[in-house]
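*Asks:* make a model of this:
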Amino acid sequence: MTLLNDFFTILDDTGNAVTIGLNREHVIYKAHFPVKPITPGVCIIKIVTELLERKLGVQLRLSQVKNLKFIIPISPIDDPQVTINFLHIDQETSGLTRARGEITGQQSQVFTKFSILYTHR
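*Replies:* Model prediction:
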């Protein structure tokens, strides 16, 4: 299941930064949580993965979440737009891809920091 163009849309894709809009009406937010929705961690990882696949033009399989820090919950109501900043992307000849970055809001607050390892499918 892809989340692009359903759970989120790409608003701007410049260099290593991708700004997305979150669909506050999506069914996931109705379950997590109806009164004060926040973006589930698994959806954050999926968004990062889909954006990285799109950027690199390869299909990726999550291999290891090396580091994942949820600093501030991402609310589609309070923060309908966030930016995924890929601070470092390393594609190894062995078929591994390492991605490190952060998700920030419009006021430059950091919501999430990530360091993830993928294999190519």
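*Asks:* use CA for all of it now, contacts and neighbours both
*Replies:* Fine.
*Asks:* does anything pack onto the helix ranked longest in the chain? Which helices or strands?
*Replies:* Longest helix of the chain, by residue count under DSSP state H: helix 41-56. Helices and strands touching helix 41-56, by 3 or more Cα pairs under 8 Å, 6 or more residues apart in numbering; DSSP states H and E, are strand 60-70.
*Asks:* immediately after the strand it packs on, which helix or strand?
*Replies:* Counting by DSSP states H and E, the next helix or strand C-terminal to strand 60-70 is strand 81-91.
*Asks:* need the residues that contact the helix or strand that comes right after that following strand.
*Replies:* Once the chain leaves strand 81-91, the next helix or strand it forms, by DSSP H and E, is strand 96-104. Residues from elsewhere that reach strand 96-104 (Cα atoms under 8 Å, 6 or more residues apart in numbering): 82-91, 110-120.
*Asks:* buried residues in the helix or strand just after strand 96-104?
*Replies:* Beyond strand 96-104 on the C-terminal side, the first helix or strand identified by DSSP H and E is strand 110-120. By neighbour count on 16 or more other Cα atoms under 10 Å, the buried set for strand 110-120 is Val110, Phe111, Thr112, Lys113, Phe114, Ser115, Ile116, Leu117, Tyr118, Thr119.
*Asks:* now the helix or strand of the chain with the lowest mean pLDDT, how far from the centre of its chain.
*Replies:* Every helix and strand in the chain was compared by mean pLDDT, DSSP states H and E; the lowest is helix 27-31, with a mean of 95. A distance of 17 Å separates the centroid of the chain from that of helix 27-31, by Cα atoms, centre = their mean, to the nearest Å.
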